[in-house]
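Peer 1: Quick one, fold the following:
(chains A and B)
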Amino acid sequence: MPARIDQPTPLTRPDAQLSTLTEAEIRERLQNGGLVLHTPPFRFRVRSNVTSLATVLRTLYSDYSLGDDEGFDDFTVTLRKTRPFRAKVHFESDGGQPFEPLPLAQAFPMLEWGFNWCISSHCHNYMITHAAVIERKGCSIILPAPPGSGKSTLCALLVGHGWRLLSDELALLEPSTGLLVPVPRPISLKNASIELIRQRYPDLQLGSLVRDTIKGTVGHFRPPAESVSRSAELGTPTHVIFPRYRAGAATALAPLTRGTAFMRLAQNTFNYDLLGQKSFEAMGQLIASVAAYDFEYQDADAAIACFERLAGGA
Amino acid sequence: MQQEQALIVAALTAAPPAPEHTGTEWTELLRQARILNVLPQLARAYDGAAGVPPEVSRHFESAHRIAERLALDVHREAERISTALEPLGIPVVFLKGGAYVLRDLSAARGRVFSDLDLLVPKEAISAAEDRLIRAGWISSHHNAYDQRYYRQWMHEIPPLRHLHRGTIVDLHHTITPPTCRFPVDGAQLLNSLHKLELLPNSHTLSNTDMALHAVIHRFMEGEWANGFRDLLDLHRLLGEFGSNADFGGELISRSQELGLEMPLRQTLRQLLRIFSTPLPPALEVAAHHSPTHLSERLTGALLGEVLTPRKADTKPPERRWAAPLLYLRAHWLRMPPHLLATHLLRKALRPAQESSS
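Peer 2: From the prediction side, this is the model:
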């Protein structure tokens, strides 16, 4: 059925949480006009004919508000299943098609990657760094790292322990204020980390598990309700910590010079080059106001204890 | 449909544009702008306008950042190019988007593009290529057929890509392929150039030729994703140059000299239909001269189909029914049938990942 933006389904419960809708209602909206998902600071209108998506969304996004149908959507994204045999899904957002089609089973990870693409390629009003951001007692820590460094695992370990999730993947910094804008969304883990977090924190719900993606097995955990409800509270960055998981490593924080921290954070910043002088200044101010460390870890308890000490001393 | 169409066009042409849109209208406006690749232009149109909601203005701010960066890149690359070519002592002519930025024309406002187009005298093209290679630009087409295709039949050599910065330079000796239905002699263009003060030996085309280049480029093109954007450029060029009372008449006579009356007439008609562009009297007359040939009317209908902005939920220009016909037409205009048949056969028989020209 074609999507119709001119006659959207009227919302009976504006600003209600997604959990108030049944799976069938979610499916109905995805197929007609779109499900308006408010994942602060953005509003996504999601359209899809992938029926399994409703279940996953209802689990992982249950604490998020629905946007009213008359409001402004930052992005309209479509996840469309084509052909009945060996079905593939196509992602599209306002004319942009950044990915090759993927097997149907990977629909949800593709949607998440698509959300991230929308933000990182269209929102240059922020300085966007590839990093997780977490906060406890006013201590906001940026964890920048290339994939495979154990950044998301560390983030999940801390969030499961009660830290607030600001972001699992993209640190959004407002250049004018130097503050971090939370974008809490499901935490994405890969391979062995999934089982580690599942056993350690049975309360963190695993909403999607997909094997055989290009990144291996990918799992998405539901962010804590408190992190979602506090998403309007901006974070004042206090630490930049470059994590690295290494088998056999002793837990160790090694201070970094400002110059090194600046260059390494810039390397992990998608639009550092694009923003030019603006990002040079914002990065300079950020680095001047935080403590920067390299962090090696293997043992989860020791890693958590180390971060607890940082937050206690903040 | 008419109302949605008016939304993006009105926002881009009204001064100042209306800030009183509903949430749904803002959504539609930004979606159309993204699909048509004119978001930075839309952002510029709303510069300083009061009443833009913050959710929307942050997307405009983002678009500003992209456009500013590209303009900066154009100035830097232009300087490097003109320095690299300076020892040759030849005129270096910046074309299209690069020229708009370097001349600070209103068409440059928010224009986003990825390559710089240059024109040099035909006899100097090899020397210029050699100089650019020494400055770090290397040929991006390694296939022997592509190399021959460009050098033998086209008006440009294969694109040059900078080893480190990734910037792309298209080096031309004229503005249309010599084999096409509208061949233009590059020497005629070099006779009337506009000098750029800040860079050595650097120029843009004259105002009339710049407008005619935008016309013929759009008219001969086979890809339509940027059709609306190119037409918007022309709308702005004509608006700016048209403030000179002689411009309309000069454009007409220059189009006759270069054999481009028909493409100009067709394009003017599209401009009137889509943007209601205010035209100087001489151009107004040309635009209203009804086409006699059936083929000209058909072309007009096809162009209208892909150039007219539609609602964001309908098919984008490059996927509309007229697009494949116009793609074929573009090839038809480019080469006589025997060359075209050989070229398409070569492209059809070669492995998919290699096809590029």
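
Peer 1: OK, contacts around the residue of the stretch 201-314 of chain A found nearest chain B?
Peer 2: Residue nearest to chain B within the stretch 201-314 of chain A: A:Leu274 (5.1 Å; C-beta to the nearest C-beta). (C-beta placed from N, C-alpha, C; glycine too.) Neighbour list for A:Leu274: A:His124, B:Arg65, B:Ile66, B:Arg69 [criterion: C-beta atoms under 8 Å, 6 or more residues apart in numbering or on different chains].

Peer 1: Next: B:Pro337.
Peer 2: No contacts exist for B:Pro337 under C-beta under 8 Å, 6+ apart.

Peer 1: Sketch out the strands for the stretch 151-300 of chain A, chain order is fine.
Peer 2: Ranges of strands in the stretch 151-300 of chain A, per DSSP state E, counting those that start in this stretch, are A:164-167, A:170-173, A:180-181, A:187-190, A:206-213, A:216-221, A:237-245, A:252-255, A:291-297.

Peer 1: now the stretch 1-150 of chain B
Peer 2: B:92-95, B:115-119, B:137-139.

Peer 1: got it, and the stretch 201-350 of chain B?
Peer 2: Along the stretch 201-350 of chain B, the stretches classed as strands by DSSP E, counting those that start in this stretch are B:202-205.

Peer 1: what does the stretch 101-250 of chain A put close to chain B?
Peer 2: Taking C-beta under 8 Å from any C-beta of the partner chain as the measure of proximity, the stretch 101-250 of chain A contacts chain B at A:His122, A:Cys123, A:His124, A:Asn125.

Peer 1: and the third one, how many residues sit next to it?
Peer 2: Looking back up the chat, that one is A:His124. 25 (other C-beta atoms under 10 Å in any protein chain shown).

Peer 1: Let me see the confidence value for it.
Peer 2: Per-residue confidence (pLDDT) for A:His124: 97.

Peer 1: Phi first, then psi, for it.
Peer 2: Main-chain dihedrals, A:His124, degrees, to the nearest 10: phi -80, psi 10.

Peer 1: ok, it touching A:Asn271?
Peer 2: Yes. A:His124 lies in contact with A:Asn271 (C-beta atoms under 8 Å); the separation is 5.2 Å.

Peer 1: What are the buried residues along the helix or strand hosting A:Phe115?
Peer 2: Using DSSP states H and E, A:Phe115 maps to helix A:107-122. Across helix A:107-122, burial judged by 16 or more other C-beta atoms under 10 Å in any protein chain shown covers A:107-122.

Peer 1: Report the inter-axis angle for it versus strand A:206-213.
Peer 2: Here the directions of helix A:107-122 and strand A:206-213 differ by 90 degrees (axes from the mean of the first three to the mean of the last three C-alpha atoms, to 10 degrees).

Peer 1: List of residues touching helix A:107-122?
Peer 2: By C-beta under 8 Å, 6+ apart, helix A:107-122 touches A:39, A:42, A:44, A:46, A:48, A:50, A:52-53, A:56-57, A:74-75, A:77, A:79, A:81, A:89, A:91, A:93, A:96, A:98-99, A:102, A:128, A:169-170, A:172, A:183, A:185-186, A:188, A:208, A:210, A:213, A:218, A:220, A:270-271, B:34, B:59, B:62.

Peer 1: Can you list which of those are found in helices?
Peer 2: Under the assignment DSSP state H, the contacts of helix A:107-122 contribute A:Leu53, A:Val56, A:Leu57, B:Arg34, B:His59, B:Ser62 to helices.

Peer 1: Turn the residues you listed into a markdown table, columns for distance to A:Glu70, neighbour count and pLDDT.
Peer 2: A markdown table is the format used below for the ones in helices among the contacts of helix A:107-122 (distance: C-beta to C-beta, whole Å; neighbours: other C-beta atoms under 10 Å in any protein chain shown; pLDDT from 0 to 100):
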| residue | distance to A:Glu70 | neighbour count | pLDDT |
| --- | --- | --- | --- |
| A:Leu53 | 24 | 23 | 95 |
| A:Val56 | 27 | 22 | 96 |
| A:Leu57 | 22 | 26 | 96 |
| B:Arg34 | 21 | 21 | 94 |
| B:His59 | 18 | 24 | 96 |
| B:Ser62 | 24 | 21 | 96 |
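
Peer 1: Closest one to A:Ala291 out of those, please.
Peer 2: B:Ser62 (30.4 Å; C-beta to C-beta).

Peer 1: Which residue lies closest in space to that closest one, excluding its sequence neighbours?
Peer 2: Of all residues beyond its chain neighbours, the one nearest B:Ser62 is A:His124 (4.1 Å), with distances taken as C-beta to C-beta, 6 or more residues apart in numbering or on different chains.

Peer 1: before we move on, back to that, and of the residues of the stretch 101-250 of chain A next to chain B, the nearest to A:Ala302?
Peer 2: Set against A:Ala302, the nearest of these by C-beta to C-beta is A:Cys123 (36.4 Å).

Peer 1: How many residues are close by that closest one?
Peer 2: As a burial measure, A:Cys123 scores 23 neighbours (other C-beta under 10 Å).

Peer 1: B:Lys195 now?
Peer 2: Using other C-beta under 10 Å, B:Lys195 has 10 neighbouring residues.

Peer 1: Not including adjacent chain positions, what is the nearest residue to it?
Peer 2: Once flanking residues are discounted, B:Lys195 sits nearest to B:His203: 5.5 Å by C-beta to C-beta, 6+ apart.

Peer 1: what's the answer for A:Asp15, then?
Peer 2: Closest to A:Asp15 by C-beta to C-beta, 6+ apart is A:Ser65, at 5.3 Å.

Peer 1: Can you read off the pLDDT for the one you found?
Peer 2: A:Ser65 carries a pLDDT value of 92.

Peer 1: Show me what the mean pLDDT comes to for stretch A:161-181.
Peer 2: Averaged across stretch A:161-181, pLDDT comes to 96.

Peer 1: Can you check the distance spanned by that stretch, start to finish?
Peer 2: 22 Å (C-alpha to C-alpha, to the nearest Å).

Peer 1: before we move on, what about stretch A:29-49?
Peer 2: In stretch A:29-49, first residue to last residue: 10 Å (C-alpha to C-alpha).

Peer 1: tell me the domain boundaries of chain A?
Peer 2: Listed by automatic domain parsing, the domain ranges of chain A are A:18-122, A:127-312.

Peer 1: Of the contacts of helix A:107-122, select the buried ones using a ChimeraX command.
Peer 2: Command for ChimeraX that selects the buried part of the contacts of helix A:107-122, burial taken from 16+ other C-beta under 10 Å:
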select /A:39,42,44,46,48,50,53,56,57,74,75,77,79,81,89,91,93,96,102,128,169,170,172,183,185,186,188,208,210,213,218,220,270,271 /B:34,59,62
